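Engineer: Coordinates for the following, if possible.
(2 chains)
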Amino acid sequence: MSQFIDKRGQGAQKSVVNRQRFIKRFKTQIKKAVNDAINQRGITDVAKGEKISIPAKDLLEPRFTPGQGGVVERVLPGNDIYQTGDTINRQPHSEQHGIGEASNEGEGIDPFVFDLNREEFLEIFFEDLELPDLVKKELGKFTDWQTKRAGVIKSGTPTNINIIRSMRQAVGRRLSLGGSLKKELSKLEEDETVNTQRIAIIKHKLSKIPFIDTMDLRYNHFTKVQTPITQAVMFCLMDVSGSMDEIKKEIAKRFFILLYLFLHKNYQHIELVFIRHHTAAKEVDEQEFFYSRETGGTVVSSALELLAALMEQRYPSVNWNIYVAQASDGDNWNADSPYCQQLLSEKILPFIQYFSYVEIMPRHHQSLWECYQHLGQTFKNFASQTIYNVNEIYSVFRELFKRKTL
Amino acid sequence: MKKTPISTGTEWTFATLLAYDREIAKLAKDFGLDTYPNQIEVITAEQMMECYASAGMPIGYHHWSFGKHFFNIEKMYKRGQMGLAYELVINSNPCISYLMEENTIAMQALVIAHACYGHNSFFKNNYLFKMWTQADAIIDYLVFAKHYISECEEKYGEEAVENILDACHALMNYGVDRYKHPPSLSIPEEKIRQQNRAAYLESQVNELWSTIPLQPHKADQVNNAFPKEPQENILYFLEKHAPLLTAWQREIIRIVRKISQYFYPQGQTKVMNEGWACFWHYTLLNCLYDEGLVTDEFMLEVLQNHTGVIYQPDYNSPHFSGINPYTLGFNMMQDIKRICENPQPEDKEWFPELANTPWLKTLDHAMRYFKDESFIAQYLSPQLIRQLKLFMLQDNDETTALRINAIHNEDGYRSIRSSLSRQYNLSFNEPNIQVFNAALEGDRTLTLHYYQHNRVPLDTQANEVLKHLYTLWQFPIKLVTINEQGDNVTTYNFPNHASRI
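Structural biologist: Okay, here's the model as predicted:
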């Protein structure tokens, strides 16, 4: 007698550990692939899985196998043209596969391609940034779901019956089925020459119409939706003058991504605004933000002015949680820095949630850094940091992540 | 008299599964199929991929290579390059088979007939499986292995364990005594533990001994070739004689060796095992249909899948990837039945001992006492050679062209049959490599011999394998290729394989 067991519920996830082992073993290759991916994709796409491709030769599992050469006989099916003694000229190696040359696994030079899921991808991303575990966990989590009403449907459980709607359906059905009969009945009853037999039939028919029928039943429908917290806007400010090279921009991108992930977890709706500047500031799209280069001097206040203007026009602080992330290599026109400080303390910082500033690999600190240091002492929601490496990014967010409530 | 069908429609429920199983079991019993009790588990596609990735072990220890396989399978499945196998069956008692939840009832019934009665009876009765595997103990052993390895990981670190496992996996195919049958097979957990303790004690003792000078023995060690005879079971040799391994490392080698041995018969009976299972799902489900227990739609779906499974692309088709073992096996089984029931003059000449015998008994005999190599050598008929239009191609690297040595005609039958049979000899895919000498008295160099056949060289991957071998042996390693005349042809060395001659 056979025994049947339903194992479907037990998603034992046997493979999870083996997947992790694999990732661990090929850390360097996978990391490189993840980094390439981060550089190529948009900020908002970061929190997805990724197709990773690593060179196949690295993960070869070697075995003793016969090599090419010697005398090999093969029996093949489907002879259509050959007679004993026929000869076939050797084909170039690549074509030889067609003729029964079973290709050895591992011989292939195609890279090994596989999919990392979201958790695995973020894990590797966070690792570079040296985030505390708690923060990692928080950022990695999906948003909460909430059950919400979503109209009325025809099927459901008895507990969810919507009585009013069901009764309304019943009334309609009774009317449509019995309406004409009732009309006829009242007509017949007014009439003097009473056809009693007909009246009896009609009354009988009317009595057969059920008061309520299963087809009348309506059920409340519930659906799960992501809990909307509120909306936020994230301004990314970056200096794109000639001194910001690719490496600096890559670090800046990770800085922006981290803030985005934080916001993504806390807000249902996030808008991103990219402002780049050299001597003049401009609102651009993400592509242009990261990939076009400009030359010339640097006037930081131009970006801050634009930021303040945009806040006023499009993102009033009553409706929006505003976060600003600024990345620069610290270059600024000296006379401009005090004006920046003034702009920030008067027009910007009082209205926003958090302003984080990273100065990436400066040659030496300039006036802008000093002004920003002053601001850091006065404003709780302002953080700045000089970084030389991606793993130092987290420190500008320390305050932000520490806060339990927003 | 037609009965009413067991179910209609494509959906399955546990009740209908039970009903089909009952009917199939009844028929299987009538045909005399001898099986282990069945344990049938319904799983999801994801779980099926997991089973797949761990090489069909229901309980496996952790290793990155299984993760790699999982990624690979998942990718191919997601891109639709590969359908998942409909079934997976474990050679254990009770015999565990997996059904995938996505399958229709017709597919589930097909799988039940194929795996739970076909493969199952093959596992229980084929001589190789009887000799090499202990279906009763395998699950316990796998549980033991998993626990043991994870304990080692805790104690000695994942990396240390991984190194040993990598090395063992590289030599996995050389963990079996092919020619000499081992005295005891798979051993229940408790006994292993006992041995483990014994081995530990032994290693303690060895260390004491190693402090005592070996001088007095020298006199009677004139002819000290070690091992006395070449050893084909490389892993066994390393487990017992590698100089520096600790007890847990030897135990891990033993685990890999045992698992390798457990899978050893599967590689040698692929054609027969699949052929037998296909023959029985085809026979059993046709019987169900004849009894009127299944609907026409059901049978059409079964036949469509059956044809897909036993489809053999021709040698010049882009889909060709070797001879399909399902096709060959199924056709051979059917052919034996045909020869028994309805022999032609040709069959009487070729198979006088089969013609007009009861097919069930003859087929049962074939299933029990053969492996692919001998099965083909014994039973491949001219009729089937013609049907599959088999021909033999010889690739000799000393000639300029490939040569057709035989086709499906009177002159070719025998050479095609023996050539195909050789193709299923294990050494066709696995080079014959043996431990020739271990210079325990000298610099402890380990010498392996590769005995060449038909001048086929070793693939250069061998260099990589030697690195793994070195992890276990920890002293220089030499791999010498010996040609058919007994001369040394090439030598791989590790370390410094640059000095390859």
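Engineer: distance of B:Met107 from A:Leu185?
Structural biologist: Between B:Met107 and A:Leu185 the distance, using Cβ to Cβ, to the nearest Å, works out to 59 Å. The way it works is simple: take the backbone N, C-alpha and C, and place the C-beta from them, glycine included.
Engineer: Enumerate the positions of stretch B:116-131 that are buried.
Structural biologist: By 16 or more other Cβ atoms under 10 Å in any protein chain shown, the buried positions in stretch B:116-131 come out as B:116-126, B:128-129.
Engineer: Between which two of those residues is the distance greatest?
Structural biologist: B:Cys116 and B:Leu128 (20.5 Å; Cβ to Cβ).
Engineer: Now do the SS call for B:Phe123.
Structural biologist: Three-state call for B:Phe123 (DSSP: H, G, I helix; E, B strand; the rest coil): helix.
Engineer: about what we covered before: just curious, which of the buried residues of stretch B:116-131 is nearest to B:Lys228?
Structural biologist: Nearest to B:Lys228 among the buried residues of stretch B:116-131: B:Leu128, at 27.9 Å, using Cβ to Cβ.
Engineer: Just list the residues touching that closest one, thanks.
Structural biologist: B:Leu128 makes contact with B:Tyr264, B:Pro265, B:Gln268, B:Thr269, B:Lys371 under the criterion Cβ atoms under 8 Å, 6 or more residues apart in numbering or on different chains.
Engineer: how close does the nearest residue to the third one once chain neighbours are set aside get to B:Gln39?
Structural biologist: If I follow you right, that is B:Gln268. Closest residue in space to B:Gln268, ignoring its immediate chain neighbours: B:Lys371 at 4.6 Å, by Cβ to Cβ, 6 or more residues apart in numbering or on different chains. Computed as Cβ to Cβ, the B:Lys371 to B:Gln39 distance reads 27 Å.
Engineer: Which one's more surrounded, the two?
Structural biologist: A count of neighbours by other Cβ atoms under 10 Å in any protein chain shown puts B:Lys371 above the other of B:Lys371 and B:Gln39, at 21 against 18.
Engineer: Surely that one touches B:Gln266?
Structural biologist: No. B:Lys371 sits out of contact with B:Gln266 when judged by Cβ atoms under 8 Å, with a separation of 10.7 Å.
Engineer: and the helix or strand hosting A:Val233, what does it pack onto?
Structural biologist: Using DSSP states H and E, A:Val233 sits within strand A:231-239. The helices and strands touching strand A:231-239, judged by 3 or more Cβ pairs under 8 Å, 6 or more residues apart in numbering or on different chains; DSSP states H and E, are helix A:246-266, strand A:269-277, helix A:300-313, strand A:321-328.
Engineer: and the third one, which residues are buried?
Structural biologist: For helix A:300-313, the neighbour count (16+ other Cβ under 10 Å) marks A:Val300, A:Ser301, A:Ser302, A:Ala303, A:Leu304, A:Glu305, A:Leu306, A:Leu307, A:Ala308, A:Leu310, A:Met311 as buried.
Engineer: residues from the stretch 201-350 of chain B in reach of chain A?
Structural biologist: For the stretch 201-350 of chain B, the contact set with chain A under Cβ under 8 Å from any Cβ of the partner chain comprises B:Gln312, B:Pro313, B:Asp314, B:Tyr315, B:Asn316, B:Ser317, B:Pro318, B:Phe320, B:Ser321, B:Gly322, B:Ile323.
Engineer: Can you give me the pLDDT of the fourth one?
Structural biologist: B:Tyr315 is assigned a pLDDT of 90 by the prediction.
Engineer: thinking it is in contact with A:Leu76, fair?
Structural biologist: Yes. Using Cβ under 8 Å, B:Tyr315 is in contact with A:Leu76, at 3.9 Å.
Engineer: Would you enumerate the residues in contact with A:Gly297?
Structural biologist: Contacts of A:Gly297 by Cβ under 8 Å, 6+ apart are A:Ser241, A:His278, A:Thr279, A:Asp331, A:Trp333.
Engineer: And for the second one, nearest residue in space, chain neighbours not counted?
Structural biologist: The one in question is A:His278. Per Cβ to Cβ, 6+ apart, closest to A:His278 is A:Ser241, 4.3 Å.
Engineer: Report the separation between B:Asn356 and A:Gln83.
Structural biologist: From B:Asn356 across to A:Gln83, the span is 35 Å (Cβ to Cβ).
Engineer: between those two, which one's more packed in?
Structural biologist: In this view B:Asn356 and A:Gln83 are compared by other Cβ under 10 Å, and B:Asn356 has more residues nearby, 13 against 10.
Engineer: mind checking the SS state of the more buried one?
Structural biologist: Strictly by three-state DSSP, B:Asn356 counts as coil.
Engineer: what's around the residue lying closest to it once chain neighbours are set aside, how many residues?
Structural biologist: Distance criterion Cβ to Cβ, 6+ apart; nearest residue to B:Asn356, sequence neighbours excluded, is B:Pro343 at 6.3 Å. As a burial measure, B:Pro343 scores 18 neighbours (other Cβ under 10 Å).
Engineer: Tell me if B:Pro343 really is in a helix.
Structural biologist: No. Going by three-state DSSP, the assignment for B:Pro343 is coil, not a helix.
Engineer: On the pLDDT front, check the residue nearest to B:Asn454 when sequence neighbours are not counted for me.
Structural biologist: Residue nearest to B:Asn454 in three dimensions, not counting chain neighbours: A:Val71, with 4.1 Å by Cβ to Cβ, 6+ apart. Listed pLDDT for A:Val71 reads 89.
Engineer: What residues are bridge-paired with A:Val71?
Structural biologist: Beta-bridge partners recorded for A:Val71 (DSSP bridges): B:Asn396.
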